[in-house]
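> Return a 3D structure for these sequence lines:
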Amino acid sequence: MAERIAKLIARSGVCSRRAAEELIRQQRVSVDGKIIDTPALTVSGNEKILVDGEKIPQIEHPRLWLYHKPTGLVTTHKDTAGRPTVFDSLPAGLPRVISIGRLDLNSEGLLLLTNDGELSRKLELPKNAWTRKYKVRVFGQLNQQKLTGLADGILVDGVQYGAISVEVINQSGANSWLAVTLHEGKNREIRKVMKAIGLEVSRLIRVSYGPFQLGSLKKGEIREVPQKVLHEQLGGLLNK
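Residues are numbered from 1 along each chain as shown. Model prediction:
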C-alpha cells in the first residue's frame, strides 16, 4: 500500500514522523539513489530508501515495551553534553526503539518504548488525551485552594497548561507526596506548575501512561507488552 515516505520511515523505527520530515528537508534521505526534499513523496516500500546513507530497517509489526527509567538518564539517542542516555542503558538484542514522550534527567518511572515511530506519534497526540499519572514529592507549604484550582488549568510564563488533578497522599512537615494526573505532558509541566504555586519538586515518578502501569517493574528493567494485550489496549490505533 502506497504511503508518504515520512510515515514509512517512522514505521521502520528510525525516528518519529516529524523527525523524518526534518531529515528529508535536510536532504539526508534518498530513494532509489536520488536525494529527495519533500516529505509528500509517496512510496510503496519496495524502493531502496536510505537515511544518512544507511538502509532503513525492514518494517515489522508494532511492538511496545515498558521501561522503568531511573534518574540520571536523558531521553534522547544522542546527547550533546555527553550525558548517559536511556538508549545507552537498554539491554542488547532489542531492535532500534524510540520513546513515547519523555522523562527529564531527574524524573523516573514508566517510559514507553516502541519500534514504530508512527505509533509513537499517535500515542503522543493531544487529541488522544492519554492520562499520565505521577507520584510527586514536593517541598513547601501546601495550599489546598491552589491545588484544587489546577483542575481549571493554569497559565505559567505565557504557557497555558490544561487541567491537572492533584490529591495529597501524605504530608510530613514541609514535605508532601502528591498524586498528580494530567493529559498533556508538556515539557517539565509538573515542575513548572508546582513552582508557580510555591512548591519545589524533589522527586517525580511516572506510575502510568494510558492503560500501561509501572507496577512492580524495577529501576532499569524493561518488559515487552504481549501482542494480545497491545491489540486489546490500542485497538484501531495500530491499524489507522
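> use CA for all of it now, contacts and neighbours both
Noted.
> Adjacent strands (with direction) for the lengthiest strand in the chain?
For the chain, the strand with the greatest residue count under DSSP state E is strand 200-209. The pairing partners recorded for strand 200-209 under DSSP bridges are strand 108-114 (parallel), strand 132-139 (antiparallel), strand 212-213 (antiparallel).
> can you pull the pLDDT of the residue sitting furthest away from the middle of the chain?
For the chain, the residue at maximal distance from the C-alpha centroid (C-alpha atoms, centre = their mean) is Gly173, at 33.9 Å. Gly173 is assigned 90 on the pLDDT scale.
> who touches it in this structure?
If a contact means C-alpha atoms under 8 Å, 6 or more residues apart in numbering, then Gly173 has no contacts.
> can you tell me which residues contact Ser12?
Contact analysis of Ser12 by C-alpha under 8 Å, 6+ apart lists 56-60, 115-117.
> Give the other helices and strands that the worst-scoring helix or strand of the chain on mean pLDDT contacts.
For the chain, using mean pLDDT, DSSP states H and E, the weakest element among its helices and strands is helix 117-124, scoring a mean of 81. The helices and strands touching helix 117-124, judged by 3 or more C-alpha pairs under 8 Å, 6 or more residues apart in numbering; DSSP states H and E, are helix 5-11, helix 17-25, strand 98-100.
> tell me the domain ranges of this structure?
When the chain is parsed with automatic domain parsing, its domains come out as 3-55, 64-127+212-238, 131-209.
> The shortest one spans what distance, first to last residue?
So that's domain 3-55. This stretch, domain 3-55, spans 18 Å end to end (C-alpha to C-alpha, to the nearest Å).
> For it, what is the distance to the chain centroid?
With C-alpha atoms, centre = their mean, to the nearest Å as the basis, domain 3-55 stands 22 Å off its chain's centre.
> which residue is nearest the middle of the chain?
Per C-alpha atoms, centre = their mean, the C-alpha nearest to the average position across the chain is that of Gly101, at 1.3 Å.
> what residues are up against the residue lying closest to it once chain neighbours are set aside?
Nearest non-adjacent residue to Gly101, counting by C-alpha to C-alpha, 6 or more residues apart in numbering: Glu124, 6.4 Å away. Contacts for Glu124 (C-alpha under 8 Å, 6+ apart) come out as 100-101, 130.
> The chain: helices as residue ranges?
5-11, 17-25, 117-124, 144-149, 189-196, 227-234 (DSSP state H).
> Including distance to Phe212, could those helices go into a markdown table?
Converted to a markdown table, the helices of the chain look like this (distance: least, C-alpha to C-alpha, whole Å):
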| stretch | distance to Phe212 |
| --- | --- |
| helix 5-11 | 21 |
| helix 17-25 | 23 |
| helix 117-124 | 12 |
| helix 144-149 | 26 |
| helix 189-196 | 20 |
| helix 227-234 | 9 |
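> Can you tell me how far Val207 is from Leu147?
As judged by C-alpha to C-alpha, Val207 and Leu147 stand 20 Å apart.
> Looking at those two, which has the bigger crowd around it?
Val207 (20 against 16; other C-alpha atoms under 10 Å).
> about what we covered before: just how off-centre is the least confident helix or strand of the chain within its chain?
9 Å.
> CA atoms only for it - export them in PDB, please.
Taking C-alpha atoms only, helix 117-124 is exported to PDB below (Å, rounded to 0.1, in the frame of the first residue of the first chain):
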ATOM      1  CA  GLY A 117       7.700   5.900  15.100                       C
ATOM      2  CA  GLU A 118       4.200   6.200  13.700                       C
ATOM      3  CA  LEU A 119       2.700   4.500  16.800                       C
ATOM      4  CA  SER A 120       4.800   6.900  19.000                       C
ATOM      5  CA  ARG A 121       3.300   9.900  17.200                       C
ATOM      6  CA  LYS A 122      -0.300   8.600  17.600                       C
ATOM      7  CA  LEU A 123       0.100   8.000  21.300                       C
ATOM      8  CA  GLU A 124       1.600  11.400  21.900                       C
END
